[in-house]
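Q: Predicted model follows, preceded by the sequence.
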Amino acid sequence: MKFIIKKFKEDTQGKKIRGIGFVHANGLEIADKVRQAIADLTGYQDIKIEATTAVVSTHTGEGAMAIMYYWD
């Protein structure tokens, strides 16, 4: 969790965030914690969280999570 937040801060420092989203493999609780930390950090509230597909879940395992974001 700390690594994801640190990397997000490094990537987006001084930039205008345009979108943020999470996917998880039966890991909604941790994804929501990271989402809340990033929302608190940036003030950006329109952060989506969705479950991965069965194919991704099968190959990554339970608890896997990914964050996607883009900026100007």
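A: Structure received. Numbering: from 1, shown residues only.

Q: May I have the strands that pair with the helix or strand where V23 lies, each with its orientation?
A: Mapping V23 onto the secondary structure by DSSP states H and E places it in strand 17-24. For strand 17-24, the paired strands and their directions (DSSP bridges) read strand 47-51 (parallel), strand 65-71 (antiparallel).

Q: Could you dump those into a markdown table with mean pLDDT, mean neighbour count and distance to K6 added?
A: C-betas here are computed from N, CA, C, even on glycine. As requested, the strands paired with strand 17-24 are exported to a markdown table (pLDDT from 0 to 100; neighbours: other Cβ atoms under 10 Å; distance: least, Cβ to Cβ, whole Å):
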| stretch | mean pLDDT | mean neighbour count | distance to K6 |
| --- | --- | --- | --- |
| strand 47-51 | 95 | 15 | 17 |
| strand 65-71 | 93 | 15 | 12 |
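
Q: Which of these sits closest to I17?
A: Using Cβ to Cβ as the criterion, the shortest distance between I17 and the strands paired with strand 17-24 is 5.2 Å, found for strand 65-71.

Q: what's the longest helix in this protein?
A: Selection of the longest helix in the chain by residue count, based on DSSP state H, yields helix 28-42.

Q: and that helix, what does it pack onto?
A: Judged by 3 or more Cβ pairs under 8 Å, 6 or more residues apart in numbering; DSSP states H and E, helix 28-42 is in contact with helix 2-12, strand 17-24, strand 47-51, strand 65-71.

Q: Please compute how far the longest one lies from its chain's middle.
A: In this view, helix 2-12 has its centroid 10 Å away from the chain centroid, taken as Cα atoms, centre = their mean, to the nearest Å.

Q: Quick check: mean pLDDT of that helix?
A: Averaging the model's pLDDT scores along helix 2-12 yields 92.

Q: again with the second one
A: Taken as a whole, strand 17-24 carries a mean pLDDT of 95.

Q: what's in contact with it?
A: Contact with strand 17-24 is made by 30-31, 34-35, 38, 42, 44, 46-52, 56, 63-72, as judged by Cβ atoms under 8 Å, 6 or more residues apart in numbering.

Q: redo that, cut-off 6 Å
A: When contacts are defined by Cβ atoms under 6 Å, 6 or more residues apart in numbering, strand 17-24 is touched by residues 31, 35, 44, 47-50, 52, 65-71.
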